[in-house]
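J.: For reference, the sequence and a predicted model appear below.
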Amino acid sequence: MGVEPISEFLGARIELAPERLLQAGVPEKILAHLDTYGVLVFPELKASDEQMVALSQRLGEMEAAKVTADKSEASRLGIYRISKEDKDAAQSEYVLGNDYWHMDGTSFSVPGKATLLKCENPPSVGGETEFANLYAAYEALDEGVKSKISDLTVIHSMAAAMRKVNLSTSSNDLSRWNAVFPPTRQPLVWHQPDGRVSMIIGNTSETIAGMDSATARALLDELEAWCTQPAFTYRHRWKTGDLVIFNNPGLLHRSLPYPEDSGRVLHRATVKGSISTGVKDFS
């Protein structure tokens, strides 16, 4: 496989025919490159949904698309069809929440390992996906900041993310969101077995335990701004058939805003993780 790095800190392009995705040794190489580069871009690969699912299952155990399940053929394969055309309230909120920096799986003690995104139809305007390298961002932090945040615990919730989308929330909204993703505690600093360190932040972060809300919000916003500065980020502009795989434990990501009628449709599959966040009081 020819691998072309995209920037100093993040991303690589890989030219590959779709029929080679499942050849002996290829999924293992993809996993290795994913750990090295964080984001892998297979330009205009045009893999089928079946090939995407098969690759996900070779990369690890594929996560069932329960919360995002609909009646589409893709959903029956375990794929989440991402589109603002979906008028279901829960699905619409979920998609809108993607416009803010976030990490997938902050409601779990073991977040997903990798996410696969395939472009079925590119947006006519906007809708790019951005990624930010948390490993590089943490490493570049001032030592004083590292010491300050080393033992902090962040409370995450779906409500925190949804308030960015809908500022006027009802008690029914809160009940619905908490049923899907109740408030959970995660360490701010995530030490991983390979020695790398990332942070668990983003739009689901509500506050910091033991800290007043204004101070906590200011610190979380400051860290997010640091991690998402241009040096640590990559912006992907979608073309039909693109496949992008990203290493979830070390990244934030978001979609840039796009109108409902832009035509943007992505298919997503998620590979279950194996690295615990080390949280001691998850609930």
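T.: Nice, thanks for sending it over. Numbering: from 1, shown residues only.
J.: What are the neighbouring residues in contact with E130?
T.: The contact partners of E130, taken as C-beta atoms under 8 Å, 6 or more residues apart in numbering, are W101, T228, T233, Y234, R235, H236, H253, R254, S255, L256. Just so you know, the C-beta spots here come from the backbone N, C-alpha and C atoms, and that holds for glycine as well.
J.: which one of those residues is nearest V26?
T.: Nearest to V26 out of those is H236 (C-beta to C-beta; 21.7 Å).
J.: Near the residue nearest to that closest one when sequence neighbours are not counted, how many other residues are there?
T.: In this structure, H236 finds its nearest non-sequential neighbour in T129, 4.9 Å apart by C-beta to C-beta, 6 or more residues apart in numbering. If you count neighbours by other C-beta atoms under 10 Å, T129 ends up with 21.
J.: What values do phi and psi take at T129?
T.: Main-chain dihedrals, T129, degrees, to the nearest 10: phi -110, psi 130.
J.: repeat for D261
T.: Per-residue torsions, D261: phi -90, psi 20 (degrees, to the nearest 10).
J.: again with Y135
T.: Backbone torsions of Y135, given as degrees, to the nearest 10, read phi -60, psi -50.
J.: Correct me if wrong: it contacts M199.
T.: No. If you go by C-beta atoms under 8 Å, Y135 and M199 don't touch, sitting 9.4 Å apart.
J.: Those two: which has the busier surroundings?
T.: Each of Y135 and M199 has its neighbours counted (other C-beta under 10 Å); M199 has more, 27 against 22.
J.: L251 and H102: what is the separation?
T.: L251 is 10 Å from H102, where distance means C-beta to C-beta, to the nearest Å.
J.: These two: which is more packed in?
T.: Neighbours were tallied for L251 and for H102 using other C-beta under 10 Å; the higher tally belongs to L251 (28 against 22).
J.: quick one on the thing from earlier: per-residue pLDDT, the residue nearest to H236?
T.: Each residue has a pLDDT score; the one for T129 is 98.
J.: start to end distance for stretch 95-103?
T.: Counting by C-alpha to C-alpha, to the nearest Å, you get 14 Å between the two ends of stretch 95-103.
J.: Which other helices and strands does the helix or strand hosting A161 contact?
T.: Element membership of A161 [criterion: DSSP states H and E] is helix 158-165. Contacts defined by 3 or more C-beta pairs under 8 Å, 6 or more residues apart in numbering; DSSP states H and E place helix 158-165 against helix 89-97, helix 171-180, strand 205-208.
J.: quick one, helices of this structure?
T.: Ranges of helices in the chain, per DSSP state H, are 26-37, 49-59, 73-76, 89-97, 134-139, 143-149, 158-165, 171-180, 213-227.
J.: Indicate which one of the ones you listed is closest to E260.
T.: Taking the helices of the chain one by one with C-beta to C-beta, helix 89-97 is closest: 9.2 Å.
J.: Surely V180 and M158 touch.
T.: Yes. Under the criterion of C-beta under 8 Å, V180 makes contact with M158 at 5.6 Å.
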